[in-house]
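Visitor: Provided below are the primary sequence and the corresponding predicted coordinates.
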Amino acid sequence: MVSQEQRRRQLAREKFLRQQQRRTEARRKSRTRNAVIASALGVVLIGSLGLYTAGAFDGDDSKSNKAPDPCEKPAKGKVETMSWKKEPAMTIDKSAKYTMKLDTTCGEIDIALKAAAAPHTVNSFNFLVNKGYLDHTKCHRLTDSSIWVLQCGDPTATGSGGPGYTIPDENLKDEDIKGDVYPAGTVAMANQFNAQTGEGKDSGGSQFFLVYQDSPLPANYTPFGTVSKDGMKVLKKLAAAGAQAPDPATGNTAPNATVVINKATVTKS
């Protein structure tokens, strides 16, 4: 007999697939209206292969939550346009410990990176952060039903931006990802993977999501970090402000909180 919990997860996965199909179609139509966006099945790309999960992080389209903004005004500065043709050369020490700090308008979020388990991903972020790629970028998507994640890492803040290169999927058998549930505190890559066709593997770019509440998701998204306890308090605070109605042009459910990464740093210890 199927338990209530198993049934709940089954329904969540089915909803995930339906949302993915709807968003894939919506993004396909939007690409015809935007000459600077290249196309690929179920994904939006800029410059070169980028990400991004189409529909995996959609909120409830019927909601339009409003709440006071708990965050400060962004620091002065602007997003720099950057793009590279290929993945950066491996420079990190896989045996060392790395921490990525996101100094955001809502507070500091420290992330312990999994260099040994996800070296390509950690190496890529070490490269991008040292270039200032994430500085002044806005976290463009918050979901507050079915799955509970904040998505960041897109300089365009549309869900379609990327660094111009892709990195391979890694660490998909992480021991913390059990029963197709990404636990609160997980930091993982967004990508273009289509669970129905099996296409879009190894398509991560710069977009990533931070899980602020246990979320039922298939193990298709590279888990490469864990948010600190203090960082989780920041995530909970901004998530409590809720999400906006989907943007007609992008389909994103932006957070009500103004979540901007003023400065990102990666340190080795």
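Guide: All right, it came through fine. Numbering: from 1, shown residues only.
Visitor: how close does Met90 sit to Gly205?
Guide: Separation of Met90 from Gly205 (CB to CB, to the nearest Å) stands at 17 Å. C-beta coordinates here come from the backbone N, C-alpha and C atoms, glycine included.
Visitor: Comparing these two, which residue is more hemmed in?
Guide: Gly205 (29 against 14; other CB atoms under 10 Å).
Visitor: ok, and the closest non-adjacent residue to that one?
Guide: With sequence-adjacent residues excluded and distances taken as CB to CB, 6 or more residues apart in numbering, Gly205 is closest to Gly162, at 3.4 Å.
Visitor: which stretches of the stretch 51-200 of the chain have low pLDDT?
Guide: Applying pLDDT under 70 to the stretch 51-200 of the chain flags the ranges 51-66.
Visitor: what ranges do the strands span in it?
Guide: 98-104, 107-113, 137-138, 141-145, 147-152, 181-182, 186-189 (DSSP state E, counting those that start in this stretch).
Visitor: would you turn those into JSON lines with distance to Ala195?
Guide: As requested, those are exported to JSON lines (distance: least, CB to CB, whole Å):
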{"stretch": "strand 98-104", "distance to Ala195": "28"}
{"stretch": "strand 107-113", "distance to Ala195": "26"}
{"stretch": "strand 137-138", "distance to Ala195": "28"}
{"stretch": "strand 141-145", "distance to Ala195": "17"}
{"stretch": "strand 147-152", "distance to Ala195": "14"}
{"stretch": "strand 181-182", "distance to Ala195": "15"}
{"stretch": "strand 186-189", "distance to Ala195": "15"}
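Visitor: Out of the ones you listed, flag the one nearest Pro218.
Guide: Checking the strands of the stretch 51-200 of the chain against Pro218 by CB to CB gives strand 181-182 as the closest, at 9.5 Å.
Visitor: Counting by contacts, list what that closest one packs against.
Guide: strand 215-216 (3 or more CB pairs under 8 Å, 6 or more residues apart in numbering; DSSP states H and E).
Visitor: swap the cut-off to 10 Å and go again
Guide: strand 147-152, strand 208-213, strand 215-216 (3 or more CB pairs under 10 Å, 6 or more residues apart in numbering; DSSP states H and E).
Visitor: of the strands of the stretch 51-200 of the chain, which approaches Asn256 most closely?
Guide: Minimum separation from Asn256 across those (CB to CB) falls at strand 141-145, 7.9 Å.
Visitor: Could I get the buried residue list for the closest one?
Guide: For strand 141-145, the neighbour count (16 or more other CB atoms under 10 Å) marks 141-144 as buried.
Visitor: With stretch 74-83 instead?
Guide: For stretch 74-83, a neighbour-count test (16+ other CB under 10 Å) marks 74, 79 as buried.
Visitor: for stretch 200-218, same thing?
Guide: Those would be 200, 203-213, 215-218, for stretch 200-218 by 16+ other CB under 10 Å.
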